[in-house]
Each structure stands twice: as C-alpha cells, then as structure tokens.
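Chemist: Structure for the following, please:
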Amino acid sequence: MDADSPYCVVNDYVATALGTAMGVPVPPGTLVKLGPGWGFLSLGFGEHGKRPPPADFEELAVDRPWEATGVVVLDQWIANPDRHDGNLAYMASLGVAAFDHDQALFGACPPGEGIDSLRQTLDRRVSRHELVPYLKTIEHLQSWITRAQSITRMELGRIVWTCVDAGLLSRLEAETLVEFLEYRQLNIGRFITESYSEFTSVTEWTLDTTGGE
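Modeler: Residues are numbered from 1 along each chain as shown. Below you'll find the model as predicted:
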C-alpha cells in the first residue's frame, strides 16, 4: 500500500491503469481512502505471500520477450526512469509483474510543482532502461506501441479525472497530465528509436517510426 505524497499516489494509480489498459503485466490496484487522504493499494505478486526475489532480466527477456517489451513501452510512455529488479518481478511459475511506478509521470517533485515537472519531462526519452540491453528481438515493439496508441483521450481523461475527484490533482494539473500522456503516446516510437543504440543484443533494427511531432 502506498500512502506517500499525492503525486506518488497519482503516479502509481495512473501508470497501473494505463498498463492494465494496454495489457502489460501489472498487478491490479486502486485508490483507497486512508484517513483524511488517499493511498494506492495493489495486489501482491509472489508465492505464499512473500515478496518475489529480484528478477533476472536476462532470463526474463529470453523467456518472456512479449511481456518484457510491453514493460519497456509502458515505461517509455509514462517517462518512468526507475525500473529495476526490485519493482519488476519474474517467476516462471507465476509470470511477470511490473509494479511501484511512483517515479513516473510527476516523479518525486514537491507539492504544487507538478505542472512544471510534466513540462520539463514532456519530450525526455527514458534512457538506459535496465531491461533494454537484454532484449534480443524488437519484433513485439510495434504491437505494443499500437496498443498504447489505441487508448483514447476519453479513456485517458477518465483515468486522470478519478484523481481530481479524489482531491489528488487540481483540474489544471489533470488537464496538463492528459496532454502530457497524449503527446508521449504519439511519440513513443520516436523515443524508442532514439534509444536504438541501447538495444545492444538486437542485431537488426527494423522498427519504422514515422509518427510523432
């Protein structure tokens, strides 16, 4: 359960909702009332109620390239620079789970500085994603980009405005966040193409991205 700052709660909630809409393996979660404020509650992932061991990224990329690619695309969309083996789990018996997205979107900016933070991050690609060097194929990239880009503005607004109704965001912050998500949604392919040199295990680059602005 996350009971951190309002922005951190929003980051986790929105990222989880977007991942779910895309079909990325993220444990389902929801906003919950915690006294006078709100927190984010997510289902655990592991066996017998224990936290899963750190993911072996090389094993994950080889065994589950589809899911691994989906996590990379989601993180690029939500500007998440903090994916590591403590918040990406893989167990052959259970599957893959990406969780704890609290450094995405607004990041860890101080209260009231969310709009400035989004504007500063708007056109910033996620570089040195820890999973990228282990991907041996990019055959699934375009499918995941298409999935992300199929989520409509109406759906983005529904997800974000839930945070307004909970008092976690102002209307202006929510409008700015929707615009942020739309822009990065359109430019996911460009951001990934700009990172092509980091896909060091891929021998042939075949992603064709002509969209963006």
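Chemist: Using the three-state scheme, assign residue 136.
Modeler: coil (DSSP: H, G, I helix; E, B strand; the rest coil).
Chemist: List of residues touching the longest helix anywhere in the chain?
Modeler: For the chain, the helix reaching the highest residue count under DSSP state H is reported as helix 171-193. The contact list for helix 171-193 (C-beta atoms under 8 Å, 6 or more residues apart in numbering) reads 10, 14, 18, 72-73, 76-79, 105-106, 114-115, 118-119, 121-123, 125-126, 141-142, 145, 148-149, 151, 153, 156-157, 160-161, 163-164, 169, 207, 209, 211-213. Every C-beta, even on glycine, is put in place using the N, C-alpha and C of the backbone.
Chemist: what comes up buried for the worst-scoring helix or strand of the chain on mean pLDDT?
Modeler: In the chain, no helix or strand scores lower on mean pLDDT, DSSP states H and E than strand 37-42, which sits at a mean of 88. Neighbour-count burial for strand 37-42, counted by 16 or more other C-beta atoms under 10 Å, picks out 38, 39, 40, 41, 42.
Chemist: how about those residues in TSV, adding distance to residue 89?
Modeler: Shown next, in TSV, are these (distance: C-beta to C-beta, whole Å):
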residue	distance to residue 89
38	25
39	21
40	18
41	18
42	12
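Chemist: closest to residue 55 among those residues?
Modeler: Nearest to residue 55, judged by C-beta to C-beta, of the buried residues of strand 37-42 is residue 42 at 16.8 Å.
Chemist: mind checking which helix or strand residue 69 is in?
Modeler: Under the criterion of DSSP states H and E, residue 69 resides in helix 65-77.
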